[in-house]
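J.: I'll drop the sequence and a predicted model, then ask my questions.
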Amino acid sequence: MDYLAHRGFWRTPEEKNSERAIRRAFENGFGIETDVRDHEGVLVISHDPPVDGAMHFDRFLEIYLEYPERTKLALNVKADGLQEALQRSLASAAVTNYVVFDMSVPDLLGYRKAGIPFYVRRSEFEGASPLDSDAAGVWMDCFERPFADATAIAEAGTHVAGDIALVSPELHRRPHLDAWACWKNIEPHVRKRLQLCTDFPDQARAYFER
């Protein structure tokens, strides 16, 4: 299983998407899920509408390149029309281990046309899509159910090739250990495709690898 540190490996909420949290994730060999927007014509890292001083996306990539492991970058796209700017920055930095997700369907079509790897979504409100066959993987979330169970994960895996990224329940302020116990027992051929987006990447690695 691969681990995606949600907005970096932060210790306090104020550290989310900060340089300290980003560096801590890379220093510990974790991938990162982070948020990309545009602000006054520049790509920035920000979950909420950005303000002056938000980290530039190009600076984020510079930090990433300081670490040799080149872990996965899951880029949560928070605004439409960023395809060209994102592709230009990623190509300039020669970053290849990344995926984009969470954009609207009309915007996603632009990523597909540009050949940018993307994840489709699954939740109790989002099912199979005609885009499944073109996707690099699937992003599995739950909003009202506690978590995606083994049946839902297996079903998604039959429709979408590549990675299966699971949103850990603590991202929605719900208990996570029941989900982790379920996911730990998933069949090995499915489990090797899994990624876990979590606020507790160090705890997750200790749990799933013991």
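T.: Received the coordinates, thanks.
J.: From here on, just use CA atoms for contacts and neighbour counts.
T.: OK.
J.: ok, S133 - contacts?
T.: S133 makes contact with 159-161, according to Cα atoms under 8 Å, 6 or more residues apart in numbering.
J.: Out of the residues you listed, give me the one that has the most neighbours.
T.: Ranked by neighbour count (other Cα atoms under 10 Å), the contacts of S133 have V160 at the top, with 21 neighbours.
J.: and the gap between the residue nearest the centre of the chain and S18?
T.: Centroid check for the chain by Cα atoms, centre = their mean gives A74 as the closest residue, at 3.3 Å. According to Cα to Cα, to the nearest Å, A74 and S18 sit 16 Å apart.
J.: quick one: strands adjacent to the longest strand along the chain?
T.: Counting by DSSP state E, the longest strand found in the chain is strand 31-39. Strand 31-39 has the following sheet partners, assigned by DSSP bridges: strand 2-6 (parallel), strand 42-45 (antiparallel), strand 73-77 (parallel).
J.: pretty sure I164 belongs to a strand, no?
T.: Yes. Checked against DSSP: H, G, I helix; E, B strand; the rest coil, I164 lies within a strand.
J.: My read is that it contacts C197, right?
T.: No. The pair I164 / C197 is not scored as a contact, 10.5 Å apart, by Cα atoms under 8 Å.
J.: Any idea how far the lowest-mean-pLDDT helix or strand in the chain is from the middle of the chain?
T.: Scoring the helices and strands of the chain by mean pLDDT, DSSP states H and E places helix 188-191 at the bottom, with a mean of 90. Chain-centre distance of helix 188-191: 19 Å, with Cα atoms, centre = their mean, to the nearest Å.
J.: Which residues outside it are in contact with it?
T.: 1, 154, 157, 183-184.
J.: Pull out the buried residues from that helix.
T.: By 16 or more other Cα atoms under 10 Å, the buried positions in helix 188-191 come out as 190-191.
J.: C-alpha coordinates for it, CSV please?
T.: Output of helix 188-191 as CSV, limited to C-alpha atoms (Å, rounded to 0.1, in the frame of the first residue of the first chain):
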residue,chain,number,x,y,z
PRO,A,188,-3.5,-9.3,-1.9
HIS,A,189,-4.1,-8.9,-5.7
VAL,A,190,-6.4,-5.9,-4.9
ARG,A,191,-4.4,-4.6,-1.9
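J.: From the contact counts, what lies against whichever helix or strand comes after it?
T.: Using DSSP states H and E, the helix or strand that follows helix 188-191 in sequence is strand 194-198. Judged by 3 or more Cα pairs under 8 Å, 6 or more residues apart in numbering; DSSP states H and E, the packing partners of strand 194-198 are strand 2-6, strand 163-167.
J.: Checking G53 next. Helix, strand or coil?
T.: coil.
J.: How about C182?
T.: Following three-state DSSP, we place C182 in the helix state.
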